[in-house]
Structure formats: structure tokens, C-alpha cells
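A.B. asks: next one to model:
(one chain, ligands or ions: 1)
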Amino acid sequence: MKTLIRNGRVALDGQLQQLDVLVEGERIAAVGAPEPASADKVIDAAGCYVLPGFIDFHTHVDDEIGPFYLADTYESATRVGLENGITTLCTFVTQGEGESLLQAMARARAKAEGKSHSDVLWHLTPTTFSAADLDTLRRLLAGGYHTLKLYTTYKAAGIYASYGRIEELFQKLGPLGGQFLIHCEDDALIEAVDATSLDLSKPFTHTLMRPEAAEILAIQKVVELALAHHTSMHVVHVSTLEGARHLVANRGRGDLSFETCPQYLFLDDSWLAREDGHRWLCSPPLRGNRAPFLDLIRQGAADIIATDHCPFCARDKDGWNHQDLRTVPNGMPGLGSLPHVTWKIWEDDPDRAALGLSTHVSLNPARRAGVGDRKGALKPGMDADLVVLDPKGPERPLRSTAAPAFEAFPGFITSLAIRHVLLRGDHRVEQGRLTQPDAPGGIFLQPPPSSLT
Ligand SMILES: [Zn+2]
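C.D. replies: All right, here's what the predicted structure looks like:
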């Protein structure tokens, strides 16, 4: 099967060019001016951008978080994702209490098997570090897994790693190709906040309990460790201007990158002051004074824009007693909004916005996830994951999730229309709708752990 995408403006090597793209089987066969007669199917992309398939680098789906279960299954998450051009879902597998990381991985694969409309890649969150655990991690790093997530906070949830632990893992696993994803909020600074002196019935208090200083300090500490040990490190969901500036200032000194999320750009802490402000509780919290932060990101400072999609059922989010905000599950959806809200960063310059998507939501996340050899760019030989995006579609509200969760961006409007999406050459979305809703076509980009020696 050969498909030709004609007349679009193609993002290639950081530029937009009027080119045709020929897809053969699962791969891109040619970019330029291929012979139209050779194609079985022609897609007219006139007036549209032709971009590499989007990658949400940071999502949580179909998993337990504390006493709550996330609202999205792999099926519902990847359905909304693919309808919005997200051809690869990166999500986390977290080793739970009393299980091994391999068991957790088997559990996640079983949930996703046959259910995923997009391709799936897992970041690993190990929580125990015996000699046997480290040996497992070494085998995983040698066998197609690259990214390991660590948290500088959340002791009660059993996922906290001390700076000493982080340093030990940098030393032992960094040289083996481990790329570390770090959630940065200094636990000691958070613990030092005296909760009894605060009004825990007000969601806004969350901003006092997880202050900006905690994120900034943790970023400074892990940057120092990563540079000292020449470790590849990516900081997830950066929400503070000072934290982002520190990463930018040190970027040239090592393999450092960071992401931010649309909620830290377009939602501020006034949302937490609302009567229903608990619906926007997430960690790190929404912050004040977003203009300078947005300015920095507009300059291209963040390597990746990702959602930290973490949808809880509306009844779980609303189920607290309005006395202790610590009982509200932390997180909000974002997956389906990713391209639309990312576009807003540069909306006064559509070409810049299209290139922004191709760089920060495709190329950079593909490389950071370790799949830059097959995803993230429209080049011959790469997977034919491709989005035909019309910037002048009908206006409609954002829809971050199909799950029964509160919308994170109510009142936000997009005019981007996802005309076509190809997933490894397969025409999976037409005019924003799945062509094969009952036959999910996603694959897992990493081998089953059972195949590793
Ligand atoms: Zn997260």
C-alpha cells in the first residue's frame, strides 16, 4: 500500500516546505516530489500543515494512584490521543508495594494489549533498589528500555528517592544508558511547612504547602548531581520561572532537558481560589504570574511540552469533605488538548506554532524517549506517523479526555482541525474521527521484558 500526501506544508529539519510525502507500508518512502501515479491513495493536504505524529511524553493512565484509580483506560486515553494526532503515548509503569518492576510491567502490558489506538512506550518507575533490582534494571537498559523516573518527594506513597539514592543510581545506571526523569520538589522543604497553621479547607492552600522554592531547590540539587556524574537527565513538569532558568543556564554543561505542561502556561493559581478549585489540584501546583514563564517558553526554552495527563473520576475529585485538601487526588487530564494548547504558545504566528509542535511535541520527545531513530521526523525510513493539521477548522471547545473527569481547560477554544492521522502508514483518523474504532492498531515500542536475557 502506497499513500501520497500532496500539497501540504511539511515540517522538515526545522523548516516548512511545500512538499509531497510518499508512504509505503509502515514507513516514509520519500519526501519531495514523488510520482503521483505510483500511489494507491492520495490525500490532499492543501492549506494544511503535514507534521510528524505527536508524542505525549508524560501521561498516567489505567493505574492506581494512592486510594484512587485513574479514569482513563489505555483504550479511552489513546482514542482521544490519536483523534488529536498523538501517535505515541508515553506513560509510566510504577512498581507497586510487594511486587517487582517486572511484575508491574507485565500488569501494564496486559492492560494495554489489543486496546491501544496509538503506539505505547513505558517509562519505568522502580521503587526498590536491592542488588537483584539493580540487575533487573541493567538488563532492561540493555534491552530497549531507556527512561527511569524518580521522585524527590511522596514518601507516604512509597515512591520517594533521597538525593543520596538518586546519586547512587546516576553513578550505577547512567553509564549503562539510563536516562533519568526527575520529579523535582524538595521533600524537606515541603515537610517543613506547618500544615496545622494553614486553612486546609481552601484548595489555594495547596500552593503554600508545595511552594515554588521546593521545586527550585530540588532542580538545583539534581542538576548538580547530573553534571557531576555526566548523567542524562530530564526534569518533568517544570512550573517555576527560576527552575526553568536554572535548567536553561546549565543546559550546555551536560545532557539536561526539561518539559513543562500547558496547565503551567495557561492556568494560574486563581483557578485554585474558585469554589470548585480542588478540581485543579495537581503537583506541582498551579502558580501565579504566568506571563514571564510563558515568555521564556515561547522562546523555545522547554525541550518538550507534555501534559502530565492524570485524570481522576469527577466523583473522586469531588469526593473530599472540604476540610482537608490533602485527601483530594492530585492531577488533571490534558492529553486531548496537547496540540491545541501548545499551538496557543505561538498562536500569533501559525508557522512558528506548527514548527513548535514538530519540535517540542514530536522530535524532542522521540529522542528523549530513545525512539528518535524511528519516530519524531518525516524522513525516509522512519515510521509513517503523520498528522495533516488544518489551522483554520471550525471553532470548538477543548476536550482533554473522554473519561468521566473534569475538563482542565473549560472555556478554551481551538480552531485546529486534525484532518488526517497516519499511524505507521495506516490511515487511522479522517476528519478527526477514528476510521477503525473497534480495531486498535497501536503497538508497544519496547520488547516484552520476558524476552530479555
Ligand atoms: Zn506525572
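A.B. asks: from now on I want contacts and neighbour counts done on CA atoms only, so please keep to that.
C.D. replies: Will do.
A.B. asks: residues contacting Gly177?
C.D. replies: Listed by C-alpha atoms under 8 Å, 6 or more residues apart in numbering, the contact set of Gly177 reads 141-142, 146.
A.B. asks: separation between it and Cys184?
C.D. replies: Gly177 sits 21 Å away from Cys184, taking C-alpha to C-alpha, to the nearest Å as the criterion.
A.B. asks: then Ile418?
C.D. replies: For Ile418, the distance to Cys184 - C-alpha to C-alpha - is 34 Å.
A.B. asks: picking that back up, just the buried ones from the contacts of Gly177?
C.D. replies: With neighbours counted by 16 or more other C-alpha atoms under 10 Å, those contain buried members at 141, 146.
A.B. asks: next step: the contacts of Gly177 restricted to helices.
C.D. replies: 141-142 (DSSP state H).
A.B. asks: out of the contacts of Gly177, the closest to Leu445 would be?
C.D. replies: For those, the residue nearest Leu445 by C-alpha to C-alpha is His146; the value is 11.6 Å.
A.B. asks: if I look at the closest one, how far off is Ala369?
C.D. replies: His146 sits 7 Å away from Ala369, taking C-alpha to C-alpha as the criterion.
A.B. asks: which of the helices and strands in the chain ranks last by mean pLDDT?
C.D. replies: Least confident helix or strand, the chain: strand 64-65 with a mean of 90, by mean pLDDT, DSSP states H and E.
A.B. asks: returning to that earlier point: let me know the closest of the contacts of Gly177 to His117.
C.D. replies: Distances from His117 to the contacts of Gly177, taken as C-alpha to C-alpha, are shortest for His146 (22.9 Å).
A.B. asks: so what's that closest one up against?
C.D. replies: Taking C-alpha under 8 Å, 6+ apart as the contact definition, His146 lies against 123, 140, 177-179, 369-370.
A.B. asks: read off the pLDDT value for it.
C.D. replies: At His146, the predicted lDDT confidence score is 96.
A.B. asks: re earlier: let's see which of the contacts of His146 end up in strands.
C.D. replies: 123, 179 (DSSP state E).
A.B. asks: all helices for the chain, in order.
C.D. replies: With DSSP H as the criterion, the chain has helices at 74-83, 101-112, 131-142, 163-173, 187-191, 206-209, 212-228, 241-250, 262-266, 291-298, 314-317, 338-345, 350-358, 364-368.
A.B. asks: of these, flag the one that's most buried.
C.D. replies: helix 74-83 (a mean of 26; mean count of other C-alpha atoms under 10 Å).
A.B. asks: does anything pack onto it? Which helices or strands?
C.D. replies: Using 3 or more C-alpha pairs under 8 Å, 6 or more residues apart in numbering; DSSP states H and E as the contact criterion, the secondary-structure elements in contact with helix 74-83 are strand 86-94, helix 101-112, strand 417-423, strand 433-434.
A.B. asks: okay if I get the contacts of His146 as a markdown table plus distance to His427 and pLDDT?
C.D. replies: A markdown table is the format used below for the contacts of His146 (distance: C-alpha to C-alpha, whole Å; pLDDT from 0 to 100):
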| residue | distance to His427 | pLDDT |
| --- | --- | --- |
| His123 | 27 | 98 |
| Leu140 | 33 | 97 |
| Gly177 | 35 | 94 |
| Gly178 | 35 | 95 |
| Gln179 | 33 | 97 |
| Ala369 | 24 | 98 |
| Gly370 | 25 | 97 |
